[in-house]
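Q: for reference, the sequence and a predicted model appear below.
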Amino acid sequence: MAIIEVEIEINATVDKVWDVISDIDNEPKFWKGTKEIKNISKDGNTVNREITIAFRDQKCLQEVKLKPKEKIEAKFTKGIINGEKIISLIPKDEKTILHTIWDIKLTGMMGMFTGMIKKHIKSGTEQALQSIKEEIER
């Protein structure tokens with residue numbers, strides 16, 4: 001499994017950061033590795049969806065759990081990626097630390113490339129968090 005951790009400090013309250021990141025349909029705007037999202041079902045704060053990732057336009061199924069103003073857990077349930085991405089909000093005075101941790105591996109024969117894509121995912125996550133920060137702090 002590849003563990004990837006990235007965080008950024010945002011000059012905004014948890015409420016303001018949550019308003020932006022909890023709009024999960026807007027994910028491709030910030031996360032360049034996510035090309036397209038198709039929601040399949042929604043039950044309360046749990047959304048099942050199909051995402052198309054930039055890596056060879058592969059489709060993956062995800063179960064996303066929103067824990068308001070605390071975290072978003074996206075579990076990959078089918079496709080080339082196995083594992084999860086967790087985005088947490090940590091209040092710090094009048095600011096918020098946006099913390100992302102991936103615990104993933106590529107499935108099947110692609111598993112041998114997990115290490116190679118780790119750097120790519122870390123870079124994409126850093127870009128996504130920077131874009132979120134810029135959107136909120138404007």
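A: Here it is on my side, so go on. Numbering: from 1, shown residues only.

Q: make it CA atoms for all contacts and neighbour counts henceforth
A: OK.

Q: ok, now which ones touch the most centrally placed residue in the chain?
A: Nearest residue to the geometric centre of the chain (CA atoms, centre = their mean): K85, 5.4 Å. K85 makes contacts with 73-75, 100-104, as judged by CA atoms under 8 Å, 6 or more residues apart in numbering.

Q: could you do P68 as well?
A: Here P68 is in contact with 18, 22 (CA under 8 Å, 6+ apart).

Q: measure it to A2 for me?
A: 27 Å (CA to CA, to the nearest Å).

Q: now for T107, how many residues are close by?
A: Residues lying near T107 (other CA atoms under 10 Å) number 16.

Q: gap between the residue nearest to it when sequence neighbours are not counted and K118?
A: Distances taken as CA to CA, 6 or more residues apart in numbering place I80 nearest to T107, at 5.1 Å, with adjacent residues excluded. Counting by CA to CA, the gap from I80 to K118 is 14 Å.

Q: same thing with I21?
A: 23 Å.
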